[in-house]
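*Asks:* here is the input, now give the coordinates:
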Amino acid sequence: MDLGCGNGSHMLDLSRHGFTVTGFDISESGLELARDKFKRNRLRANFFVGSMRQPLPFSNEEFDAIICLRTLNHGEKDQVQKTVNEMRRVLKTNLRKRNEFSGFCARGFSSQNSTHGY
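*Replies:* Next up is the predicted model:
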């Protein structure tokens with residue numbers, strides 16, 4: 001899943017390499033751009049509109065991987081922590097145990113508490 005997928009550019013690259021992709025974004029207009037991009041390239045994806053600050057509308061352990069680029073850090077510390085917890089919930093357990101969050105979110109947040117000083 002691409003959480004905060006915008007116009008779907010990252011998803012498009014993954015889809016071209018054979019991955020099944022899901023995009024989630026708060027912007028309906030961004031999702032329309034993504035849908036058009038996928039249609040033009042004759043690729044398939046699932047798209048959902050919603051806020052990452054709310055419980056994600058997916059089942060527990062639904063995804064093999066989640067990317068969340070340049071979007072997670074927009075919010076207060078407690079909101080970001082809740083989003084990270086939701087990401088962990090929808091990520092498959094065997095992958096969660098690896099705890100390989102990268103970039104901004106991983107170093108600073110855990111399911112227990114936050115140590116990042118932003």
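*Asks:* quick one: low-confidence ranges for this structure?
*Replies:* In the predicted model, the chain carries pLDDT under 70 at residues 94-118.
*Asks:* so what does residue 22 have for phi and psi?
*Replies:* The phi and psi values for residue 22, taken as degrees, to the nearest 10, are phi -130, psi 130.
*Asks:* give the burial count for it, as a bare number.
*Replies:* Residue 22 has 18 neighbouring residues, counting by other C-beta atoms under 10 Å. For glycine as for every other residue, the C-beta is placed from the backbone atoms N, C-alpha and C.
*Asks:* which residue ranges of the chain form helices?
*Replies:* With DSSP state H as the criterion, the chain has helices at 9-16, 28-40, 77-90, 93-96, 103-108.
*Asks:* by contact count, what packs against the third one?
*Replies:* For helix 77-90, the helices and strands in contact under the criterion 3 or more C-beta pairs under 8 Å, 6 or more residues apart in numbering; DSSP states H and E are helix 103-108.
*Asks:* about what we covered before: adding mean neighbour count and distance to residue 1, write the helices of the chain out as a markdown table.
*Replies:* Shown next, in a markdown table, are the helices of the chain (neighbours: other C-beta atoms under 10 Å; distance: least, C-beta to C-beta, whole Å):
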| stretch | mean neighbour count | distance to residue 1 |
| --- | --- | --- |
| helix 9-16 | 16 | 9 |
| helix 28-40 | 15 | 13 |
| helix 77-90 | 18 | 7 |
| helix 93-96 | 12 | 12 |
| helix 103-108 | 15 | 14 |
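*Asks:* just put those in JSON lines and tack on distance to residue 2.
*Replies:* Shown next, in JSON lines, are the helices of the chain (distance: least, C-beta to C-beta, whole Å):
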{"stretch": "helix 9-16", "distance to residue 2": "5"}
{"stretch": "helix 28-40", "distance to residue 2": "9"}
{"stretch": "helix 77-90", "distance to residue 2": "12"}
{"stretch": "helix 93-96", "distance to residue 2": "16"}
{"stretch": "helix 103-108", "distance to residue 2": "14"}
